[in-house]
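[1] 3D, please:
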Amino acid sequence: MSAQGRSASGGKKVEIYSTPSCVYCNATKEFFKQNNVEYTDYNVASDLPRRQEMIEKSGQMGVPVTLIDGELVVGFDRPRLVELLGVQS
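    Numbering: from 1, shown residues only. Got it, this is the predicted structure:
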């Protein structure tokens, strides 16, 4: 998990709001690993300001919430992640 939040594919800024026990959060992060996508991970279970930020951006409390260059993806939406990142998986 990169502090830079930059993707190996096109230099996109990738951020994920997640919790450690969330199955779909872990699936999203595994997808990023498989596609060599660097990202910034915000643990909203323990980081209350980031949790509030996530709620303000997404309008909900469910995780994962992913931002790719400002584009919002809620849940583990593989087709949308592929489209936004321009990867093959």
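[2] Beta-bridge partners for the most centrally placed residue in the chain, please?
    By CA atoms, centre = their mean, the chain has its centre lying nearest to Ile16, at 2.7 Å. Beta-bridge pairing for Ile16 (DSSP bridges): Asp41, Thr66.
[3] That one reaches Leu72, doesn't it?
    No: checked against CB atoms under 8 Å, the pair Ile16 and Leu72 is beyond contact range at 11.4 Å. C-beta here means a position set from N, CA and C on the backbone, and glycine is covered the same way.
[4] Cys22 touches Met61, doesn't it?
    No: using CB under 8 Å, Cys22 is not in contact with Met61, being 11.8 Å away.
[5] sorry, back to before: list the contacts for the residue nearest to the centre of the chain?
    Listed by CB atoms under 8 Å, 6 or more residues apart in numbering, the contact partners of Ile16 are 25, 28-29, 32, 39-42, 64-67.
[6] How about Ser18?
    25-26, 28-29, 41-44, 63-64.
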